[in-house]
Structure formats: structure tokens, C-alpha cells
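S.K.: sequence? don't have it. structure:
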């Protein structure tokens with residue numbers, strides 16, 4: 001079982017979002033992903049107390065060796081990694097829909113719709129999710145809840 005005392009060994013960094021706002025991103029190895037999903041809500045609350053700010057948890061994937069004969073698996077492509085980062089950022093909630101909007105000026109913005117059942121746990125973190133995903137992937141994203 002994973003406990004909070006083993007977290008000292010994990011990689012974390014602070015991301016400056018806008019001026020005085022900073023967010024902490026915890027990088028978790030891929031093999032510990034399932035264990036962290038089980039304790040995610042409790043872990044984020046404890047880390048927000050420790051770091052006195054917003055916390056996001058990201059799982060990272062080991063990269064392939066350079067010059068290897070193996071073909072890159074689908075799960076290691078850029079699109080797949082960005083989708084996995086997006087799913088990991090919004091855990092306890094689930095993504096119920098995604099739309100990419102292409103504007104006239106050529107820019108794109110992705111709208112991600114989250115499960116309304118977890119609205120109480122995630123509503124105050126929507127701006128944090130957007131800012132952290134923008135820093136990690138370089139893509140603009142807006143998180144919303146679907147209207148019924």
C-alpha cells in the first residue's frame with residue numbers, strides 16, 4: 001500500500017501561471033499510476049495543506065532508447081501522452097466529452113466536458129487544470145460541465 005511518507009522521493013516542480021499564482025505538479029511513475037488513483041483525492045488535500053496552493057498530479061512515461069529497432073508503441077505518441085496527461089489531471093472526475101473548436105484566425109481551443117457527479121470536488125480546480133495543462137502540453141483547453 002502506498003502511504004504519504006513515500007512521497008518525498010517523487011519529482012515535483014512549481015509552475016508559475018500568472019504573476020503571483022504558482023501551482024505544484026507532482027510527477028508519478030507510470031507503474032504507480034493505479035495506486036495513486038486510489039488515494040488521489042486525499043493526497044491532493046494533504047498536499048494543498050503542505051504547499052498552501054493548488055496541486056496537480058501528472059504521470060510520466062519512460063521514453064524509448066534512441067536508435068532502437070523497436071517501433072514506438074501507440075501509447076507513447078504525443079497525442080496519446082497528451083490525452084493521458086489530461087485524464088490524469090482531472091482524476092476523481094471523468095472526461096465525458098471533448099470538442100476541438102477551430103477559430104477563423106486559425107487558432108484552436110479544446111473544450112473538455114467533465115462528469116457532473118464530481119462537480120463538488122473539482123469545480124474550484126478548473127482554472128488550475130487549464131493552466132497546468134497549458135504549461136505541460138502547450139495547448140489551450142477549457143474545462144466545463146455539460147448542460148442538461
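M.R.: On my side now, so go ahead. Note that this is a predicted model, so its numbers are computed, not measured.
S.K.: Residue 132 touches residue 86, doesn't it?
M.R.: No: Residue 132 lies out of contact with residue 86 (CB atoms under 8 Å); the separation is 10.3 Å. From N, CA and C alone the C-beta is placed, and that goes for glycine too.
S.K.: the more surrounded of the two?
M.R.: residue 132 (24 against 20; other CB atoms under 10 Å).
S.K.: and the more buried one, what helix or strand is that in?
M.R.: helix 126-137 (DSSP states H and E).
S.K.: How about that helix, which residues are buried there?
M.R.: For helix 126-137, a neighbour-count test (16 or more other CB atoms under 10 Å) marks 126, 128-133, 136-137 as buried.
S.K.: can you put the residues you listed in CSV and add distance to residue 76?
M.R.: Shown next, in CSV, are the buried residues of helix 126-137 (distance: CB to CB, whole Å):
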residue, distance to residue 76
126, 29
128, 27
129, 23
130, 25
131, 25
132, 21
133, 19
136, 16
137, 15
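S.K.: Out of those residues, the closest to residue 48 would be?
M.R.: Of all the buried residues of helix 126-137, residue 48 sits closest to residue 128, with 10.2 Å by CB to CB.
S.K.: and the gap between the closest one and residue 88?
M.R.: From residue 128 across to residue 88, the span is 13 Å (CB to CB, to the nearest Å).
S.K.: same check, this time on residue 148
M.R.: 27 Å.
S.K.: of the two, who's got more company?
M.R.: Taking neighbours as other CB under 10 Å, residue 148 and residue 88 compare with residue 88 leading, 18 against 4.
S.K.: Can you say which helix or strand has that one in it?
M.R.: Applying DSSP H and E, one finds residue 88 within helix 78-89.
S.K.: got the buried residues for that helix?
M.R.: Buried residues in helix 78-89, counting neighbours by 16+ other CB under 10 Å, are found at 81-82, 84-86, 88-89.
S.K.: same check, this time on stretch 110-122
M.R.: For stretch 110-122, by 16+ other CB under 10 Å, it's 110, 112-115, 118, 122.
S.K.: first vs last residue of that stretch, how far apart are they?
M.R.: Start to finish, the residues bounding stretch 110-122 are 18 Å apart (CA to CA, to the nearest Å).
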